[in-house]
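> Give me coordinates for this.
(2 chains)
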Amino acid sequence: MSKILIRGAKVLGGEPQDVLIDGETIARVGTGLPAEGAEVVEAGGKVLLPGLVDLHTHLREPGREDSETVLTGTRAAASGGYTAVFAMANTFPVADTAGVVEQVWRLGKEHGYCDVRPVGAVTVGLEGRKLAELGAMHESAAGVTVFSDDGKCVHDAVIMRRALEYVKAFDGIVAQHAQEPRLTEGAQMNEGVVSAELGLGGWPAVAEESIIARDVLLAEHVGSRVHICHLSTAGSVEIVRWAKSRGIRVTAEVTPHHLLLTDELVRTYDPVYKVNPPLRTERDVTALREALADGTIDIVATDHAPHPHEDKDCEWAAAAMGMVGLETALSVVQETMVDTGLLDWAGVADRMSFTPARIGQAEGHGRPVSAGEPANLTLVDTAYRGPVDPAGFASRSRNTPYEGRELPGRVTHTWLRGKATLVDGKLT
Amino acid sequence: MQRHLISAADLTRDDAVLILDTAEEMARVADRPIKKLPTLRGRTVVNLFFEDSTRTRISFEAAEKRLSADVINFTAKGSSVSKGESLKDTAQTLEAMGVDAVVIRHGASGAPYRLATSGWIDAHVINAGDGTHQHPTQALLDAFTMRRRLVGPDAGLGQDLSGRRITIVGDVLHSRVARSNVDLLHTLGAEVTLVAPPTLLPVGVETWPCEVSYDLDSTLPKSDAVMMLRVQRERMNAAFFPTEREYSRRYGLDGDRMARMPEHAVVMHPGPMVRGMEITAEVADSDRCTVVEQVSNGVSIRMAVLYLLLGGNEPAVTHPSPTTPATRRSASASELRTTEEK
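Have a look, this model is predicted:
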């Protein structure tokens, strides 16, 4: 295997250092390392991070290959600096059997842009009634550790309790999409001042918060860990903070879009802003940023949700919910967390690599940038600033809310176990 | 005036008064033996109705025909929409046939706004009711009815509704009529009070430019007009209120309650009425109830809106005698437009 010398990179935002990759691992980290026949990448002060890990991605394959495939989705991931993604289970067929999760896992392995860790459904068909074969999915080649009915809430308290208990046998974790279904019937956007004016059905904060409150108490009662997907309200932050102070083993994620955008954007009735959970208010955005900074929210996860053009080029009520996010996540985090002084780059590495890898048990990912570790790395030009151009996305879908918006930061290189998947901003 | 009429909130006070004044001229046409003006001759207007509505569609159609427009009626039922065609394709198909204006009624809030702003078509867009969002021509005809009744058809010209106290009662949560009326009446200087059970008021209503009350009886004596909104019986199945009887007892308008209103105060309803639910037959059929007047005023208002959006600089109405007040009004309307162009 070849050697690569990354020269003058600010490792986790620190002083410039050289990093020598030998084969699949990091051989040396230091200053003034000799090239010795290695291919040299001049980092020129760019920031070097461990390869990012996304605990919440929709790759759409099998079933909706018109919006994304494992290939296009993992290329988008590499483009955004990711070396591992967790693929959500709401495919067609649903990833609720060992067969489906193994298929997704194999496709990721064959394409080689990014490790794909399939998420298994908690219940058969995401219907919330009968536990899927969680153990079989765990024992499959895909080695599933994260289970979620994402897109739907495991709303039945007994089913949720059983799932939390059952996965303890193999140290799995249930990731809950917290949405009380009855409170969100016909919901189209955040319930509040803007929904009242626009006449769009409200998705109240309490529909999220009540499920989170219930589930942290269930997790405490049965001694399990629970992960909260895409937490979106100030109230949810308070509940998670309280739960952690009590010693409950809860972890939580926030999406980049909930760190930046508010429901004021819905006034355009442009469905590019339609997402579940919905964009909330300025107050929520502030609380989410603070919670990510102080560690109440553990990680950033994209909820990358590709949709074909026609599902967004229509009236609001008819449009699909979701936004693509893999290729803009790091830029949004820089804009909202780093450039605001809330988080340094070491903090970003923690929230977008170390901790998501630990929660999802993504072996070989989220490791320190030091000798002997797998060479999963991302090089970021943090001085760059420019408009988002969806035409350049590797994703098959273009449903980004950031089109034309100026954002900082650009991933120039990504290495997956020493193999470059992105070089000078171009996929290999 | 803007190119489109999407929301009552988009109208300035002067826009709204101009529409009401123009509607007065249009109302005079209805009194003529031949109720027709040549203003929109050669222009094509499509009534694009994705939701069942008899009265609004007929009202627009009557207005368009009185202005000599060519009218195309398109209803979603039995059309390509029921075969899965998108709003965008439907609109573009119609525009390719040479449509100058689209009057749209749609079940999805914001559909007319999307049509007007997404670059799908170039035609003028008039919102004839979208979801639970807006119904601006209804608010205009309501304001027109109030001005005629409370100020007077002639005395009202050029006037707004400053200081008038308007009470709107019923299912505000699901009502585009209430939203449009709150916006427009506020713009026209009126003081609006919404009365409803708390379940039928949206979260966020506290930021609207109006008062909110749960008690109808205390509000009635302080009202110059009371507008009753339709309450659909199926709402009680979703636990918005316990029973039909309880709703009528607490929020329905009957003869006793009407007697508590000031003598000059009127009762309004956008229709269709659910007699025995929000209004008793006694009230609905009384002289104080303007429901039938609202229907004829609706045609005048829609003529005024179509004329002002599509009509160019021609005076709306030409009269046999140049000394009638109406001619002076139309002259001043076109002067106003010329002034704006400078």
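> any idea where the strands of the stretch 51-200 of chain A begin and end?
A:52-57, A:82-87, A:115-118, A:146-147, A:173-176, A:189-190 (DSSP state E, counting those that start in this stretch).
> tell me how far the fourth one is from the chain's mean position?
For strand A:146-147, the separation from the chain centroid amounts to 14 Å (computed by C-alpha atoms, centre = their mean, to the nearest Å).
> quick revisit: so for chain B, which of the strands of the stretch 51-200 of chain A sits nearest?
strand A:189-190 (9.8 Å; C-beta to the nearest C-beta). Where C-beta positions appear, they are placed from N, C-alpha and C, glycine not excepted.
> and the closest one with chain B, contact?
No - residues of strand A:189-190 are not located near chain B by C-beta under 8 Å from any C-beta of the partner chain, the shortest gap being 9.8 Å.
> Name the residues that touch that strand?
A:195, A:198, A:200-203, A:205, A:263, A:266, A:274, A:278-281 (C-beta atoms under 8 Å, 6 or more residues apart in numbering or on different chains).
> Please narrow the residues you listed to those residing in helices.
Those of the contacts of strand A:189-190 mapping onto helices are A:S195, A:L198, A:A205, per DSSP state H.
> These also near chain B: which ones?
A:S195, A:L198.
> Save the ones in helices among the contacts of strand A:189-190 as JSON lines, and put in neighbour count too.
Below are those laid out as JSON lines (neighbours: other C-beta atoms under 10 Å in any protein chain shown):
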{"residue": "A:S195", "neighbour count": "25"}
{"residue": "A:L198", "neighbour count": "26"}
{"residue": "A:A205", "neighbour count": "22"}
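> so who does A:A287 touch?
A:T233, A:A234, A:V237.
> Give me the phi and psi angles of the residue nearest the centre of chain B.
Centre of chain B computed as the mean C-alpha position; nearest residue by C-alpha atoms, centre = their mean is B:Q138, 1.0 Å away. Main-chain torsions, B:Q138, degrees, to the nearest 10: phi -70, psi -40.
> For the closest residue to it other than its chain neighbours, give me the pLDDT.
Nearest non-adjacent residue to B:Q138, counting by C-beta to C-beta, 6 or more residues apart in numbering or on different chains: B:V177, 5.2 Å away. At B:V177, the model reports a pLDDT of 97.
> ok, and B:V177, which helix or strand is that part of?
Assigned by DSSP states H and E, B:V177 belongs to helix B:176-187.
> starting at the chain centroid, how far to the helix or strand that comes right after that helix?
Per DSSP H and E, the first helix or strand lying C-terminal to helix B:176-187 is strand B:191-195. Centroid separation for strand B:191-195 versus its chain: 17 Å, with C-alpha atoms, centre = their mean.
> Spell out which strands sit alongside strand B:191-195 in the sheet and which way each one runs.
strand B:165-169 (parallel), strand B:211-213 (parallel) (DSSP bridges).
> so which of those is the most packed in?
Mean neighbour count (mean count of other C-beta atoms under 10 Å in any protein chain shown) peaks for strand B:165-169 among the strands paired with strand B:191-195, with a mean of 24.
> From chain A, how far out is B:G152?
33 Å (C-beta to the nearest C-beta, to the nearest Å).
> Make sure A:V29 is indeed in a strand.
Yes - secondary structure of A:V29 (DSSP: H, G, I helix; E, B strand; the rest coil): part of a strand.
> Find the residue closest to it in space, skipping its chain neighbours.
A:V19 (5.2 Å).
> what sits up against the helix or strand encompassing that neighbour?
Assigned by DSSP H and E, A:V19 belongs to strand A:16-22. Contact with strand A:16-22 is made by A:1, A:3-11, A:26-33, A:38, A:43, A:45, A:48, A:369, A:375, A:377, A:415, A:418, as judged by C-beta under 8 Å, 6+ apart.
> Show the average pLDDT along stretch A:117-127.
Rounded mean pLDDT across stretch A:117-127 is 98.
> Could you tell me the end-to-end distance of it?
22 Å (C-alpha to C-alpha, to the nearest Å).
> Contacts made by it with the rest, please.
A:84-90, A:94-96, A:100-101, A:104-105, A:129-132, A:134, A:137-138, A:142-152, A:154, A:159, A:163, A:174-175, A:360, A:362.
> sorry, back to before: can you list the ones in helices among the contacts of strand A:189-190 in JSON lines and add distance to B:A128 and pLDDT?
Formatted as JSON lines, the ones in helices among the contacts of strand A:189-190 follow (distance: C-beta to C-beta, whole Å; pLDDT from 0 to 100):
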{"residue": "A:S195", "distance to B:A128": "22", "pLDDT": "98"}
{"residue": "A:L198", "distance to B:A128": "18", "pLDDT": "98"}
{"residue": "A:A205", "distance to B:A128": "34", "pLDDT": "98"}
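> which among the contacts of strand A:189-190 gets closest to B:G131?
When those are ranked by distance to B:G131 (C-beta to C-beta), A:L200 comes first, at 7.6 Å.
> ok, that closest one touching B:A111?
No - counting by C-beta atoms under 8 Å, A:L200 does not reach B:A111; the two are 11.5 Å apart.
> so what's in contact with the two at the same time?
What both A:L200 and B:A111 touch, as defined by C-beta under 8 Å, 6+ apart, is the set A:W316, A:A317, B:G131.
> quick check, nearest of the residues you listed to A:P356?
A:W316 (31.9 Å).
> and the closest one, what is it in contact with?
If you count contacts by C-beta under 8 Å, 6+ apart, then A:W316 has A:Q188, A:L200, A:V266, A:Y269, A:P271, A:K274, B:A108, B:S109, B:G110, B:A111, B:R114 around it.
> Next to chain B, which bits of the stretch 251-400 of chain A? Give me the list.
Counting by C-beta under 8 Å from any C-beta, the stretch 251-400 of chain A sits next to chain B at A:T268, A:Y269, A:D270, A:E310, A:D313, A:C314, A:E315, A:W316, A:A317, A:A318.
> could these be laid out in TSV, adding secondary structure and pLDDT?
Below are these laid out as TSV (DSSP: H, G, I helix; E, B strand; the rest coil; pLDDT from 0 to 100):
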residue	secondary structure	pLDDT
A:T268	helix	97
A:Y269	coil	97
A:D270	coil	97
A:E310	helix	92
A:D313	coil	92
A:C314	coil	92
A:E315	coil	91
A:W316	helix	95
A:A317	helix	93
A:A318	helix	92
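> Using the record's assignment, carve the chain into domains.
Just going to use chain A. Domains of chain A are assigned by automatic domain parsing as A:3-47+A:373-386+A:407-427, A:51-360.
> meant chain B actually
B:8-134+B:294-341, B:136-293.
> all helices of chain B, in order?
Using DSSP H, helices in chain B cover B:13-30, B:55-66, B:87-96, B:111-117, B:136-150, B:176-187, B:216-219, B:244-251, B:255-259, B:281-284, B:291-310, B:325-341.
> Least reliable of those by average pLDDT, please.
Among those, helix B:325-341 carries the lowest mean pLDDT (a mean of 37).
> one step back: contacts only, for the residue nearest to B:Q138.
B:H135, B:Q138, B:A139, B:D142, B:L229, B:P270.
> Need the max-distance pair from those.
Pairwise distances across these peak at 12.6 Å for B:A139 and B:L229 (criterion: C-beta to C-beta).
> Nearest to A:A383, out of the domains of chain B?
Of the domains of chain B, nearest to A:A383 by C-beta to C-beta is domain B:8-134+B:294-341, at 35.6 Å.
> Can you say which helix or strand has A:T421 in it?
strand A:419-423.
> Using PDB, write out every CA atom in that strand.
Provided in PDB are the C-alpha atoms of strand A:419-423 (Å, rounded to 0.1, in the frame of the first residue of the first chain):
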ATOM      1  CA  LYS A 419      -7.800   5.200   0.600                       C
ATOM      2  CA  ALA A 420      -8.700   8.700  -0.700                       C
ATOM      3  CA  THR A 421     -12.500   9.000  -1.500                       C
ATOM      4  CA  LEU A 422     -12.300  12.700  -2.100                       C
ATOM      5  CA  VAL A 423      -9.300  14.600  -3.400                       C
END
